[in-house]
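S.K.: Pasted the sequence and its predicted model underneath.
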Amino acid sequence: MISGIVTTVLMLLFIGVWIWAWQPRLRAGFDATARLAVDDAMPEGEDNRSTQPRNNA
């Protein structure tokens, strides 16, 4: 009996989170977060050059 109630509550919680995550108003924020790992912009004060020069022989 109690396991059925717990299962139902967890299923409703999962469906609620799923509906929340697919809201159109949240898409821009999720898209921006997804691009963080591949963003080419360097943070302020960071140097884009490596610390050791490469030998291009």
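M.R.: Arrived safely, thanks for sending. Numbering: from 1, shown residues only.
S.K.: Every contact and neighbour count from this point should use C-alpha atoms.
M.R.: Noted.
S.K.: Any regions of the protein where pLDDT drops low?
M.R.: Within the chain, the segments meeting pLDDT under 70 span 39-57.
S.K.: Helices along that one, start to end?
M.R.: 2-21, 27-35 (DSSP state H).
S.K.: now these in a markdown table, with mean neighbour count?
M.R.: Formatted as a markdown table, the helices of the chain follow (neighbours: other Cα atoms under 10 Å):
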| stretch | mean neighbour count |
| --- | --- |
| helix 2-21 | 11 |
| helix 27-35 | 11 |
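S.K.: Tell me the spacing between M11 and L36.
M.R.: Going from M11 to L36 by Cα to Cα, to the nearest Å gives 31 Å.
S.K.: Correction: the previous question concerned R27.
M.R.: From R27 across to L36, the span is 15 Å (Cα to Cα).
S.K.: next one: A28
M.R.: Separation of A28 from L36 (Cα to Cα): 13 Å.
S.K.: Next: S3.
M.R.: For S3, the distance to L36 - Cα to Cα - is 41 Å.
S.K.: for G29, same thing?
M.R.: Counting by Cα to Cα, the gap from G29 to L36 is 11 Å.
S.K.: So A34 versus A28, what's the distance?
M.R.: Taking Cα to Cα, one finds A34 at 10 Å from A28.
S.K.: who touches both of those two?
M.R.: Common neighbours of A34 and A28 (criterion: Cα atoms under 8 Å, 6 or more residues apart in numbering): none identified.
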